[in-house]
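**Student:** When you get a sec, could you give me coordinates for this:
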Amino acid sequence: MKAAALLGLILGVCVARPGAAQTTYVDWVSGKTGEGFDAVHTMAKPPARAALAALCLPSGVGVRIEFGKAFGSAADNSVRVSYQFDTSPGQAPANWPLSFGGNTTAQIPGSRVRQFASKGKPANEVSMRVIDPLSGEPVDFVFSMKGFADALAALPCAKGY
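**Tutor:** Sure thing, here's the model as predicted:
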């Protein structure tokens, strides 16, 4: 199976176009989203099948997590997400709006993107906890942040991040 097709099946967020150039930044890879936006992403450490992506949106830089499974949604169509970089104090849980059909992807609120990027650039990894709004069960993901600073700097929308 071609790498782009496999990436599309697993990721759903950053589907590289066939023949499109990709660059690897340690654990982060460049590509395009299904909507054609420039993006960089990394896969969760096993056993989770999830992806974390930074991408150029019409509104600027966005950060999304693709869960690899569907979540139920709260009345406001969001999930609670908390995260911690390395051993630094964790971020308080916040509502991340679910995006795309099927409730498999959530996006960090725009007001928190710059803080996520600044704390993520020097980090080795980020641990994320998503609370399923219907069951109340936590689902944990760990993503490598190695190469994130260079990958983010390559996004045309991320100048000054």
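
**Student:** which ones are touching T104?
**Tutor:** Contact partners of T104, counting by C-beta atoms under 8 Å, 6 or more residues apart in numbering, are G12, E66, F67, G68, K69, A70, F71. Any C-beta I mention is one placed from the backbone N, CA and C, and that applies to glycine too.

**Student:** top of these by neighbour count?
**Tutor:** Comparing the contacts of T104 by number of neighbours (other C-beta atoms under 10 Å), F67 comes first, having 25 neighbours.

**Student:** Flag the helix or strand of this protein with the lowest per-element mean pLDDT.
**Tutor:** One helix or strand of the chain scores below all others by mean pLDDT, DSSP states H and E: helix 3-11, with a mean of 33.

**Student:** sorry, back to before: go through the contacts of T104 and say which is closest to S99.
**Tutor:** E66 (9.8 Å; C-beta to C-beta).

**Student:** so the closest one makes contact with A50?
**Tutor:** Yes. E66 lies in contact with A50 (C-beta atoms under 8 Å); the separation is 6.0 Å.

**Student:** Find the residue ranges of this protein scoring beneath the pLDDT cut-off.
**Tutor:** Counting by pLDDT under 70, the chain contains low-confidence residues at 1-21, 34-35, 73-75, 100-101.

**Student:** all helices for it, in order.
**Tutor:** 3-11, 113-120, 148-154 (DSSP state H).

**Student:** which residues touch L152?
**Tutor:** Listed by C-beta under 8 Å, 6+ apart, the contact set of L152 reads V40, A54, V61, A117, G120, K121, A158, Y161.

**Student:** repeat that with 6 Å
**Tutor:** L152 sits next to A54, A158, Y161 when contact means C-beta atoms under 6 Å, 6 or more residues apart in numbering.

**Student:** number of nearby residues for the last one?
**Tutor:** To tie it back to what came earlier, the one meant is Y161. Neighbour count for Y161, taken as other C-beta under 10 Å: 18.

**Student:** How about the first one?
**Tutor:** When counting by other C-beta under 10 Å, one arrives at 27 neighbours for A54.

**Student:** Distance check, the spatially most central residue of the chain against A39.
**Tutor:** The centroid of the chain falls nearest to L52 when counting by C-alpha atoms, centre = their mean (2.4 Å). Using C-beta to C-beta, to the nearest Å, one obtains 11 Å as the distance from L52 to A39.
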